[in-house]
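>>> pasting the sequence and the predicted model now:
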Amino acid sequence: MPRSLRWSLVVVAVAILAMAVVTGIDDLRRGIISAVVGALVLAAVAMWSGRRGRHTAWARAEARIAPDHAVVLWKPGCLYCERLLLQLGTDPRVTWVNVWRDEGANAQVRAVNGGDELTPTAFLGTQVLRNPSATELREHLAAAGSAHPS
């Protein structure tokens, strides 16, 4: 889990604790309930954000970049990435690289996005697609596949 996410979770945890203490001053039972509910929400967010997903090491994935094969850099917790993962399913023309699990991939996504960790970022041959839709990615793959039949 990246340092920025850890610090965000710490800040949220402190806010939940402060809310529970303030609520608990007047009504202890409400304070305890606030703390328990807040802790459960925080735990759910932490587990969801740090979850593992499809991942190929950047060193291997980079060699697969071709006009008819996409390498998509993604990160857990990114709603755009999640949507793309769900819509593309297990398409064999797409390789997924988690930028939070691979320093090389993280450096690459920042290099092509002006220092930002913009995901999803897809590489197809010499093209870079930033936040592509599943339809857009499929169209690029289909066009390349029809131009270069296997």
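Yep, that arrived.

>>> where does pLDDT dip in the protein?
1-6, 45-53, 147-150 (pLDDT under 70).

>>> and it, what are its domains?
For the chain, the structural domains run 3-49, 58-147, going by automatic domain parsing.

>>> buried deepest among these, which one?
Stretch with highest mean neighbour count among the domains of the chain: domain 58-147 (a mean of 17; mean count of other C-beta atoms under 10 Å). Placement of C-beta: from N, CA and C, glycine included.

>>> run the chain-centre distance for that domain.
11 Å (C-alpha atoms, centre = their mean, to the nearest Å).

>>> now do stretch 10-18
Centroid separation for stretch 10-18 versus its chain: 24 Å, with C-alpha atoms, centre = their mean.

>>> contacts for that stretch next, please.
34, 35, 38, 39, 41, 42, 45 (C-beta atoms under 8 Å, 6 or more residues apart in numbering).

>>> which one of those is nearest residue 132?
residue 45 (26.6 Å; C-beta to C-beta).

>>> the residue nearest the centre of the chain and residue 90, how far apart?
Centrality entry for the chain: nearest residue to the mean C-alpha point is residue 75, 2.0 Å, by C-alpha atoms, centre = their mean. Residue 75 is 19 Å from residue 90, where distance means C-beta to C-beta, to the nearest Å.

>>> do residue 74 as well
Using C-beta to C-beta, one obtains 15 Å as the distance from residue 74 to residue 90.
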